[in-house]
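1. give me coordinates for this.
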Amino acid sequence: MLTYLARRLLVALLLAFGVATVTFALVWFAPGDDRAELLLRGVDTGPTFEVEPPLLEAYGEWLGGLVRGDLGRSRTRGPVAERYLDVLPHTAALSLAGLALAILFGVGTGVLQAARRGSLTDRVLGITTAVFYAAPSFWVGILLAGVFVYLPIQSGRAPLLPLSGVAPAGGARGVLDFVPYLVLPALTLGLVLGAGIARFTRTSMLEVLEQDYVRAARARGIGESRVLARYGLRTALLPLISLLGVYLPLLLTGAVFVEVVFERIGVGRTMVDAIARQDLPMVVGGALLFGFATVAGNLVADLLYGWADPRIGDASGG
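-> Here you go, the predicted model:
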């Protein structure tokens, strides 16, 4: 198992290095005379900047700063790393809450569909998950805003949930003050991502429930709920763990649209604003965060899969 862990960590480090190198190359070879200065220091020197440092020297300086946590300086927002660190907790809270809701909704719906295969419940839930699976996150966000905000207002009542922001206007006094502002954005992410989990869980559960050992358990008189929980769900969740590596970048991508729709401060909205201002250092910093998050997601999925199925670690020679 230790060998498996070491190999996964090494692969993750190599992937992170590759992400950094590709990001540097894309910016370095982009058109424009001041790209190196923007990339290395985030300072707009105007048309007078004519001499670029050698490629390897510039790459070494940039990579060294990246290792120290220096992502450069925005022309208007100061240090890029500090700016993203300020908004990262809001995106992290949204992503974690969205992931938790996605797992609850997806796994619960998938198990229910598998347990009632071919029934009206299965068909209705199948259509529902297909709609949410195909719908873009911003459309789902607008739909939820209409149900929980605009419809109550049209009926002369107060909105059930706040539509925008991350905290009350007067400031938050405790953690619970943030929760109402997190519900609609997290629910949006949870429904969109949970629909995919539901479809995957249903398929996995149906495959497991057709196995001989499950039929033998039923023949021994074991209750259906216990069969589903002990034999079906436990086995079906193993391949679901591998989806974590895919869903973490999807969470961040979805957070971009959700933060814009609900006017939440966060990494996604900060990056969108940087693109609108053509603030290259901020854009590069955001791209690196998304790339590293993808690598981290794959690493977490690999480690969880190795923990859930010890045969993987044993096969690696650990």
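
2. quick one: the strands in the stretch 1-150 of the chain?
-> 73-74, 78-79 (DSSP state E, counting those that start in this stretch).

3. give the contact list for Val256.
-> Gly268, Arg269, Met271, Val272 (CB atoms under 8 Å, 6 or more residues apart in numbering). Yep, even glycine has a C-beta here, placed from its N, CA and C like the rest.

4. which one is the first one nearest to, not counting chain neighbours?
-> Distances taken as CB to CB, 6 or more residues apart in numbering place Val256 nearest to Gly268, at 3.2 Å, with adjacent residues excluded.

5. for the one you found, give me phi and psi.
-> phi -60, psi -50 (degrees, to the nearest 10).

6. circling back to that earlier point, tell me the most buried of the strands of the stretch 1-150 of the chain?
-> Most buried of the strands of the stretch 1-150 of the chain by mean neighbour count (mean count of other CB atoms under 10 Å) is strand 73-74; its value is a mean of 20.

7. what comes up buried for stretch 180-194?
-> Buried residues in stretch 180-194, counted by 16 or more other CB atoms under 10 Å: 181-194.

8. in the chain, which helix or strand is least confident?
-> helix 35-41 (a mean of 51; mean pLDDT, DSSP states H and E).

9. OK, contacts around the residue most central in space within the chain?
-> Nearest to the mean C-alpha position of the chain, by CA atoms, centre = their mean, lies Leu251 at 2.2 Å. Going by CB under 8 Å, 6+ apart, Leu251 touches Ser95, Gly98, Leu99, Leu189, Leu193.

10. now swap in Arg230 and tell me
-> Counting by CB under 8 Å, 6+ apart, the residues that Arg230 touches are Ala217, Ile222.

11. ok, Leu99 next?
-> Leu189, Gly190, Leu193, Tyr247, Leu251.

12. adding pLDDT, write the contacts of Leu251 out as a markdown table.
-> Shown next, in a markdown table, are the contacts of Leu251 (pLDDT from 0 to 100):
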| residue | pLDDT |
| --- | --- |
| Ser95 | 87 |
| Gly98 | 90 |
| Leu99 | 88 |
| Leu189 | 90 |
| Leu193 | 89 |
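
13. which two of those have the greatest separation?
-> Within the contacts of Leu251, Ser95 and Leu193 form the most distant pair, 10.1 Å apart (CB to CB).

14. let me know how buried the closest residue to Thr121 other than its chain neighbours is, in neighbour terms.
-> Distance criterion CB to CB, 6+ apart; nearest residue to Thr121, sequence neighbours excluded, is Leu112 at 6.8 Å. Leu112: 18 surrounding residues under other CB atoms under 10 Å.

15. hmm, back to that, for the contacts of Val256, give me TSV that also has pLDDT, secondary structure and neighbour count.
-> TSV is the format used below for the contacts of Val256 (pLDDT from 0 to 100; DSSP: H, G, I helix; E, B strand; the rest coil; neighbours: other CB atoms under 10 Å):
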residue	pLDDT	secondary structure	neighbour count
Gly268	83	helix	25
Arg269	85	helix	22
Met271	85	helix	24
Val272	84	helix	17
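
16. distance to Gly221 for the residues you listed - can I get that in JSON lines?
-> Below are these laid out as JSON lines (distance: CB to CB, whole Å):
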{"residue": "Gly268", "distance to Gly221": "52"}
{"residue": "Arg269", "distance to Gly221": "56"}
{"residue": "Met271", "distance to Gly221": "57"}
{"residue": "Val272", "distance to Gly221": "58"}
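
17. go through those residues and name the one nearest Leu5.
-> Gly268 (31.5 Å).

18. distance check, that closest one against Pro162.
-> Gly268 is 19 Å from Pro162, where distance means CB to CB, to the nearest Å.

19. poorly predicted segments of the chain, please.
-> Residues of the chain meeting the criterion pLDDT under 70: 1, 30-53, 170-172, 231-232, 234-236, 239, 242, 244-246, 249, 305-318.

20. which residues touch Gly196?
-> Gly106, Tyr133, Leu243.

21. cool, Arg202 as well?
-> Thr109, Gly110, Val111, Gln113, Ala114, Gly126.

22. in helices, which of the residues you listed appear?
-> Mapping the contacts of Arg202 onto helices (DSSP state H) picks out Thr109, Gly110, Val111, Gln113, Ala114, Gly126.

23. number of residues surrounding the first one?
-> Pointing back at Thr109 there. Counted with other CB under 10 Å, Thr109 comes out at 22.

24. give me the nearest residue to it, chain neighbours excluded.
-> Counting by CB to CB, 6+ apart, the residue nearest Thr109 is Ala198, at 4.0 Å.

25. in what helix or strand does that neighbour lie?
-> helix 179-209 (DSSP states H and E).

26. right, and the helix or strand after that helix?
-> helix 212-219.
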